[in-house]
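Participant: I'll drop the sequence and a predicted model, then ask my questions.
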Amino acid sequence: MGKINVKLISGRTLDQGSTLENKMSKEFVDAAAICEVNQKNLGTLGVSEGDNVEVKTDFGEAVVCVRVNNGNPDSIAFVPMGPWANAVTGSDSGGVGMPIYKGIDSEVSSTDKSVLGVKELMGAI
């Protein structure tokens, strides 16, 4: 089972944003329950694009689908803003009202676990 230590970042994407109106849909899960890494990091994980990975931080963990984004530097992982990113992001906002979504120390590992839907993820948290 492969794993990598990464800096996790999050942000909005077009796909995630276009599915916000129906957060219980498969389209939203497919757009937001993902982790993007580059091809080198994918190889280190020993997984293929479309496999599930587990993202763990000091704040929590979430299982998401891995995708290749060769625009990501080594050891940088991207998870779109949404419930899965929230599960691994701390609640401290540093007084600005928005949690820190950038530069979170994280471990990404291959897993046989399934991606949870929004309701199941919220219930687990």
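Facilitator: Thanks, I have it.

Participant: flag the shaky bits of this protein, pLDDT-wise.
Facilitator: For the chain, residues meeting the criterion pLDDT under 70 lie at 13-24, 92-93, 98-99.

Participant: in it, which spans are helices?
Facilitator: Applying DSSP state H to the chain gives helices spanning 14-18, 26-32, 39-45, 83-86, 118-124.

Participant: of these, which is nearest residue 59?
Facilitator: With C-beta to C-beta, the closest approach to residue 59 among these belongs to helix 83-86: 9.2 Å. Yep, even glycine has a C-beta here, placed from its N, CA and C like the rest.

Participant: nearest residue to the middle of the protein?
Facilitator: Residue closest to the average C-alpha location in the chain (C-alpha atoms, centre = their mean): residue 79, at 3.5 Å.

Participant: shouldn't that one be in contact with residue 86?
Facilitator: No - at 9.6 Å, residue 79 does not count as touching residue 86 under the criterion of C-beta atoms under 8 Å.

Participant: can you list the residue ranges for strands in the chain?
Facilitator: Applying DSSP state E to the chain gives strands spanning 3-11, 34-37, 52-56, 61-68, 76-80, 104-110.

Participant: of the ones you listed, which is nearest residue 121?
Facilitator: Residue 121 lies closest, by C-beta to C-beta, to one member of the strands of the chain: strand 61-68, at 6.9 Å.

Participant: neighbouring contacts of the closest one?
Facilitator: 30, 33-39, 42, 45, 47, 49-55, 79, 84-85, 87-88, 108, 111, 113-116, 121 (C-beta atoms under 8 Å, 6 or more residues apart in numbering).

Participant: derive a ChimeraX selection command for the buried subset of those.
Facilitator: What follows is the ChimeraX syntax for the buried subset of these, where burial is set by 16 or more other C-beta atoms under 10 Å:
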select :33,34,35,36,37,38,42,45,47,52,53,54,55,79,84,85,87,88,108,111,115,116,121
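
Participant: and residue 97, how many neighbours?
Facilitator: The tally of other residues near residue 97 (other C-beta atoms under 10 Å) stands at 6.
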